[in-house]
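Here you go, sequence then predicted model.
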There are 2 protein chains.
Amino acid sequence: MAFRTEAPLARARQKDGKDRHQEILEAAARVITDRGLAETRIQDIAERCGVSPGLILYYFESKDRLLVEALTYANDKYYLAQARDLRRLDSARDQLWRLIDLSVPGLLPDFERLEEWALWIEIWVRALRDPALAKEREVLDRRWRQSIADIVRQGRATGEFDDGEEADEIGMKLGALIDGLAIQVLMNDTQVSPEHMQRMCREVAASLIGFKLEPATPA
Amino acid sequence: MAFRTEAPLARARQKDGKDRHQEILEAAARVITDRGLAETRIQDIAERCGVSPGLILYYFESKDRLLVEALTYANDKYYLAQARDLRRLDSARDQLWRLIDLSVPGLLPDFERLEEWALWIEIWVRALRDPALAKEREVLDRRWRQSIADIVRQGRATGEFDDGEEADEIGMKLGALIDGLAIQVLMNDTQVSPEHMQRMCREVAASLIGFKLEPATPA
DNA sequence: CCTGAGTTTGAATCACCAGTCAACTCCATC
DNA sequence: GATGGAGTTGACTGGTGATTCAAACTCAGG
């Protein structure tokens, strides 16, 4: 067997301008969010792509590998979209508020993030027993915390925020808070609405970084 | 016996003083923590109980029902053990510290909580697509937040804590923080050790409730 | 002892699904 | 206009595991 992972990309791309690998990964991610990792069958993924089941195994060594790759692929895509979005904003405070908004499942119509959080939970479950995925998860998670810490550092560099607790520490605390609350919101908990989560995240962020919340906060 | 028609419980209990339902539920919970919900087979559960696979289905309508019941059963058991443990302590602060310690996966040798947190993640995944379990989850989760809020209220009633933010609000924030950090610790994240999680939880708790941390904190 | 309801077994059934494979299509190249 | 290889198909295989079931077993009460 040749090294399919690297070789047929260029070839596949010729066909219709779309890479089959990517197409399958995206289809897989969508199926996983729809049916759950455990209920995802190769057949489902093939149907989403409009191809036959055999082709899926032609591009991926096994179902397991495909699923794991799809999980990290989708997560990566979401992360990059977020990073791009944040970069447009200058003020550290705006960036932080935007990051929070982007993290609240279902808050922004255009960035629901419902799927993303669902995928995170699937990653967690699987990472418990899959060392390779566990390693990936740590990288992804660290990057996510880092993006919070970076905003704090940037705000301090420009004098927008005062100095205080270690930025990485704040990243971990705020990141964990967001994770925990996002789970509740994702689960449709009647006591934790998206707006409520948003407010709590802002409050804790303000307290951690050490600034006062204005009565009227900009959207 | 009133329920003879529906409940074989009383009968089974005669045998060796142990209820078969419970025995199976406990075995199921252990298998789930060992192999993961998705990889749990009836055969495995039967083996743990030392009975034949057929018997499992004699006591439970289907594998699915059994698994869901096992998840909430085990969670309930852990919660009750925690509540019992906390009740022994008088000081609200001690209770809060103990609650945190009990929540950190792997911190206390006798209460590792590794399984419990693993079960939580399984519950979350499944609750995404199982409305019945989703409802159960909300009850369990609320109870857990409540136990934090209750400690805060108690501390205020006795004057141990000052008044401040709504206790339920604190319960949600601290609860979410613990959830989020516990995931990291459970995943063996190299940046979040059990001790680190413990420290961060204490810091945030102190800040939320509004008291100073002593330099040397009691175990 | 008998009897019968409750319990337990383990073999048989049944559906499902990952992964295989031989054949076919489509092009690019010669 | 042949050749060959990548891409694609869909029927097939093999294993697995939930669920069923008829038979066997247990034991409390008659």
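Noted; the coordinates are in hand.

which helices and strands sit right next to the longest helix seen in chain A?
What stands out as the longest helix in chain A, according to DSSP state H, is helix A:131-157. On a contact count with 3 or more CB pairs under 8 Å, 6 or more residues apart in numbering or on different chains; DSSP states H and E, helix A:131-157 meets helix A:63-87, helix A:92-103, helix A:114-127, helix A:167-186. Bear in mind the C-beta positions are built from the backbone N, C-alpha and C, glycine included.

could you dump those helices to JSON lines with distance to A:Arg30?
Formatted as JSON lines, the helices and strands packed on helix A:131-157 follow (distance: least, CB to CB, whole Å):
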{"stretch": "helix A:63-87", "distance to A:Arg30": "9"}
{"stretch": "helix A:92-103", "distance to A:Arg30": "20"}
{"stretch": "helix A:114-127", "distance to A:Arg30": "8"}
{"stretch": "helix A:167-186", "distance to A:Arg30": "17"}
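
Out of those, which gets nearest to DNA strand D?
Evaluated over the helices and strands packed on helix A:131-157, closeness to DNA strand D peaks at helix A:63-87, with 11.8 Å, by CB to the nearest atom of the strand.

What are the contacting residues of that closest one?
A:22, A:24-26, A:28-29, A:32, A:37, A:40, A:42, A:45, A:56-57, A:60, A:95, A:98-99, A:102, A:111, A:113, A:115-116, A:119-120, A:122-123, A:126, A:130, A:132-133, A:136, A:140, A:143-144, A:147, A:151 (CB atoms under 8 Å, 6 or more residues apart in numbering or on different chains).

swap the cut-off to 7 Å and go again
A:25, A:28-29, A:32, A:37, A:40, A:42, A:56, A:60, A:95, A:98-99, A:102, A:116, A:119, A:122-123, A:130, A:133, A:136, A:140, A:143-144, A:147 (CB atoms under 7 Å, 6 or more residues apart in numbering or on different chains).

measure the residue of chain A found nearest DNA strand D to DNA strand C for me?
At 2.1 Å from DNA strand D, A:Gly54 is the closest residue in chain A, using CB to the nearest atom of the strand. Remark: distance between A:Gly54 and DNA strand C (CB to the nearest atom of the strand, to the nearest Å) = 4 Å.

count of residues packed around that residue?
Using other CB atoms under 10 Å in any protein chain shown, the number of residues around A:Gly54 comes to 9.

With A:Ser62 instead?
That count, for A:Ser62 with other CB under 10 Å as the rule, works out to 10.

What backbone torsions are found at it?
phi -160, psi 160 (degrees, to the nearest 10).

now it: how far from chain B?
Plainly put, A:Ser62 is 16 Å away from chain B if you go by CB to the nearest CB, to the nearest Å.

And A:Ile56, by the same measure?
Relative to chain B, and taking CB to the nearest CB, A:Ile56 is found at 20 Å.

How about the contacts made by that residue?
By CB under 7 Å, 6+ apart, the contact set of A:Ile56 is A:Ile24, A:Ile42, A:Ile45, A:Ala46, A:Leu66.

Just the ones of these in strands?
Assigned to strands by DSSP state E, none of these qualify.

now that we have those residues, which one has the most neighbours?
For those, the largest number of neighbours (other CB under 10 Å) sits with A:Ile45, at 27 neighbours.

Let me see the contact set for that residue.
A:Ile24, A:Ala27, A:Ala28, A:Val31, A:Ile56.

Over to A:Gly164?
When contacts are counted by CB under 7 Å, 6+ apart, A:Gly164 touches A:Ile209, A:Gly210.

which of the helices and strands packed on helix A:131-157 is buried the deepest?
Of the helices and strands packed on helix A:131-157, the one with the most neighbours on average (mean count of other CB atoms under 10 Å in any protein chain shown) is helix A:167-186, at a mean of 24.

Mind giving me the packing neighbours of that one?
helix A:114-127, helix A:131-157, helix A:194-209, helix B:167-186, helix B:194-209 (3 or more CB pairs under 7 Å, 6 or more residues apart in numbering or on different chains; DSSP states H and E).

Now do that helix against helix B:167-186: the angle between them, please.
Between helix A:167-186 and helix B:167-186, the angle comes out at 110 degrees (axes from the mean of the first three to the mean of the last three CA atoms, to 10 degrees).

Below-threshold pLDDT in chain A: ranges please.
Applying pLDDT under 70 to chain A picks out residues A:1-18, A:215-219.

if I look at the residue nearest to the spatial centre of chain A, how far off is A:Ala118?
For chain A, the residue lying nearest the average C-alpha position, counting by CA atoms, centre = their mean, turns out to be A:Asn75 (4.4 Å). A:Asn75 sits 11 Å away from A:Ala118, going by CB to CB, to the nearest Å.

cool, and A:Asp168?
Distance of A:Asp168 to A:Ala118, computed by CB to CB: 28 Å.

for A:Glu136, same thing?
Taking CB to CB, one finds A:Glu136 at 17 Å from A:Ala118.

Any idea how many residues pack against A:Ala157?
Neighbours around A:Ala157, by other CB under 10 Å: 10.

oh sorry, the question was meant for A:Cys49
18.

Quick check, it in contact with A:Glu26.
No: applying CB atoms under 7 Å, one finds A:Cys49 not in contact with A:Glu26, separated by 8.8 Å.

List phi and psi for A:Leu108.
According to degrees, to the nearest 10, A:Leu108 has phi -100, psi 120.

How about it: which residues does it bridge to?
Beta-bridge pairing for A:Leu108 (DSSP bridges): A:Phe111.

returning to what we had before: for the helix or strand harbouring the residue of chain A closest to DNA strand D, list the C-alpha coordinates in CSV.
Under the criterion of DSSP states H and E, A:Gly54 resides in helix A:53-59. Coordinates of each C-alpha in helix A:53-59 appear next as CSV, following Å, rounded to 0.1, in the frame of the first residue of the first chain:
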residue,chain,number,x,y,z
PRO,A,53,-19.0,3.4,1.8
GLY,A,54,-16.1,1.7,0.2
LEU,A,55,-14.6,5.0,-0.7
ILE,A,56,-14.4,6.1,2.9
LEU,A,57,-12.1,3.2,3.7
TYR,A,58,-10.1,4.0,0.6
TYR,A,59,-9.1,7.3,2.0
